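Colleague: coords please:
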Amino acid sequence: MKGLEAEKERFESLDAQVLGISVDSVPSHVAWAESLGGISFDMLADFHPTGEVAKKYGVWREAGGISERALFVVDKQGKIAYMKVHEILDQPDNEVLFDVLKNL
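Modeller: Below is the predicted model:
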């Protein structure tokens, strides 16, 4: 998330909005964002019913009751233009996202 935050102006220049979403509650999002020194983009809570959005996007892990770490680019018509699941410790390359956004 810090890597996305660091590129905030680049995302804005491509008319892109960054959103975070997890199955954690709003209070845990607030605490997590504070632990990072704050983030400027919205965090969405897929908390109740837990994982409903993750299930619809195909990234729900039944074992553990959590979602995969995944990146999605959704175009202005609501279609998924890019999707990639990453390992928890993997640091995704933002340049891939910028390439997708430039080609929308």
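
Colleague: nearest residue to the middle of the protein?
Modeller: G20 (3.9 Å; C-alpha atoms, centre = their mean).

Colleague: distance of that one from W32?
Modeller: 9 Å (C-beta to C-beta, to the nearest Å). For glycine as for every other residue, the C-beta is placed from the backbone atoms N, C-alpha and C.

Colleague: which residues do these two both contact?
Modeller: M43 (C-beta atoms under 8 Å, 6 or more residues apart in numbering).

Colleague: surely G78 is in a helix?
Modeller: No: counting by DSSP: H, G, I helix; E, B strand; the rest coil, G78 falls outside a helix, being coil.

Colleague: state the number of residues packed around it.
Modeller: By the criterion of other C-beta atoms under 10 Å, G78 has 6 neighbours.

Colleague: do the same with K56
Modeller: By other C-beta under 10 Å, the residues close to K56 number 10.

Colleague: for the helix or strand containing K84, buried residues please.
Modeller: Using DSSP states H and E, K84 maps to strand 80-86. Neighbour counts using 16 or more other C-beta atoms under 10 Å place Y82, K84 of strand 80-86 among the buried residues.

Colleague: now do it, average pLDDT.
Modeller: Taken as a whole, strand 80-86 has an average pLDDT of 96.

Colleague: check stretch 47-67 too.
Modeller: The model assigns stretch 47-67 a mean pLDDT of 93.

Colleague: C-alpha coordinates for that stretch, CSV please?
Modeller: Provided in CSV are the C-alpha atoms of stretch 47-67 (Å, rounded to 0.1, in the frame of the first residue of the first chain):
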residue,chain,number,x,y,z
PHE,A,47,-16.6,-7.5,6.5
HIS,A,48,-20.2,-8.4,6.6
PRO,A,49,-21.1,-10.7,5.2
THR,A,50,-17.4,-11.5,5.4
GLY,A,51,-15.7,-12.0,2.1
GLU,A,52,-18.8,-11.4,-0.1
VAL,A,53,-16.9,-9.1,-2.5
ALA,A,54,-13.8,-11.4,-2.5
LYS,A,55,-16.0,-14.3,-3.4
LYS,A,56,-17.6,-12.4,-6.3
TYR,A,57,-14.1,-11.6,-7.6
GLY,A,58,-12.9,-15.1,-7.2
VAL,A,59,-10.2,-14.4,-4.6
TRP,A,60,-11.7,-15.8,-1.4
ARG,A,61,-9.7,-18.4,0.5
GLU,A,62,-12.0,-20.8,2.2
ALA,A,63,-9.1,-22.1,4.3
GLY,A,64,-8.4,-19.3,6.7
GLY,A,65,-11.4,-17.1,5.8
ILE,A,66,-9.4,-14.4,4.1
SER,A,67,-8.9,-13.1,0.6
